[in-house]
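Asks: With the sequence up front, the predicted model follows.
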Amino acid sequence: MKRFFILAVAALFCSATIYAQNQDLPDNDWAQYKRYSKANSEVTVRPKAVLMGDSITDGWFSQDPEFFKTNNFLGRGISGQVTSHMLARFRRDVIDHHPKYVVILAGINDIARNNGYISLENTFGNIVSMCELAKANKIKPVLCTLVPSGYIRWRPAIKDTKEQVAALNAMIKEYAKAHHYKVVDYATILADGNGVTRADLSNDSVHPNLNGYKIMEEALLKVLK
């Protein structure tokens, strides 16, 4: 009888533990696959280019949607994302649309440690992986240098933003040159005399305003012409 009681208690404990574990299953959409799920399902025409990125690309579409519509571009930027997020959703938000080009602007949130510390080499590695996925699916990668940020408003503890951005941009340019990929050099066209974003083109050194986006648009179209 005592043995039966012990077994019954053990069974109840196991059931309670399994139930509790199931209740605690995380349900967060880490890479935000849902963000563009509906929009992706509604795409009926092969886009010329998909612009993959973070809040800079996200805000670009918000401020000038006509630029995307006129040129048959899809905007697939998500605010706050690091390159690991973008790599995870690359298939759904880029490959499945079979664009001619994918325009990759990524890395500032890695430097900001939005998802924890990551070395520049691993950030660059994620960008390379996106290029390799694109190439394997007959999509031409177009790499972008990061906006020449002098500081990160939401991460003031990082004091070498300018230097890290410059170092990552150098990696991107060298890789693009070695693989004959097109580059849109936003770092050069948006910079002031000190090598950071011109004050009239951004309110926080990271995110362009509409005037900044207009300069970026001209540069991008010139590269894709």
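Replies: Good, I have the coordinates.

Asks: In this structure, which residue is most central in space?
Replies: Nearest to the mean C-alpha position of the chain, by CA atoms, centre = their mean, lies residue 53 at 3.3 Å.

Asks: Kindly state the beta-bridge partners for that one.
Replies: The partner list for residue 53 in beta bridges (DSSP bridges) reads residue 77, residue 105.

Asks: Please determine how far it is located from residue 194.
Replies: Residue 53 sits 25 Å away from residue 194 when distances are taken as CB to CB, to the nearest Å. Every residue, glycine included, has its C-beta placed from N, CA and C.

Asks: go on, residue 74?
Replies: Per CB to CB, residue 74 is found 35 Å from residue 194.

Asks: Which of the two has more residues huddled nearby?
Replies: Set side by side, residue 74 and residue 194 show more neighbours around residue 74, with 22 against 10, by other CB atoms under 10 Å.

Asks: Please tell me I have it right and that one contacts residue 46.
Replies: No - using CB atoms under 8 Å, residue 74 and residue 46 do not qualify as a contacting pair, with a distance of 10.1 Å.

Asks: what's the overlap in contacts for these two?
Replies: Common contact partners of residue 74 and residue 46 (CB atoms under 8 Å, 6 or more residues apart in numbering): 97, 99.

Asks: neighbours around residue 147, how many?
Replies: Other residues near residue 147 come to 25 when the count uses other CB under 10 Å.

Asks: which intervals of this protein have sub-threshold pLDDT?
Replies: Using pLDDT under 70 as the threshold, the predicted model of the chain has low-confidence ranges 1-26.

Asks: could you pull out the strands for it?
Replies: 49-53, 73-77, 101-105, 140-144, 182-184 (DSSP state E).

Asks: Could you provide these in JSON lines, with additional columns for distance to residue 63?
Replies: Compiled in JSON lines, these are given as follows (distance: least, CB to CB, whole Å):
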{"stretch": "strand 49-53", "distance to residue 63": "13"}
{"stretch": "strand 73-77", "distance to residue 63": "11"}
{"stretch": "strand 101-105", "distance to residue 63": "15"}
{"stretch": "strand 140-144", "distance to residue 63": "17"}
{"stretch": "strand 182-184", "distance to residue 63": "18"}
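
Asks: between the ones you listed, which gets nearest to residue 33?
Replies: Between residue 33 and the strands of the chain, the shortest separation by CB to CB is 11.4 Å, and it involves strand 73-77.

Asks: Keeping just the C-alphas, turn the closest one into CSV.
Replies: Written as CSV, here are the backbone C-alpha positions of strand 73-77 (Å, rounded to 0.1, in the frame of the first residue of the first chain):
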residue,chain,number,x,y,z
PHE,A,73,11.3,47.5,-54.2
LEU,A,74,10.2,45.7,-51.0
GLY,A,75,11.1,47.1,-47.7
ARG,A,76,11.9,44.4,-45.1
GLY,A,77,13.5,46.4,-42.3
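
Asks: Run through who's touching it.
Replies: The set of residues that contact strand 73-77 without belonging to it, under CB under 8 Å, 6+ apart, is 36, 43, 47-61, 65, 67-68, 89, 93-94, 97, 99, 103, 105.

Asks: Mind giving me the ChimeraX command for buried ones among those?
Replies: For anyone working in ChimeraX, the buried entries among those, judged by 16 or more other CB atoms under 10 Å, can be selected with:
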select :36,47,49,50,51,52,53,54,55,56,57,58,59,60,61,67,68,89,93,94,97,99,103,105
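
Asks: Restricted to helices, list the contacts of strand 73-77.
Replies: Among the contacts of strand 73-77, the subset assigned to helices under DSSP state H consists of 55-61, 65, 67-68, 93.
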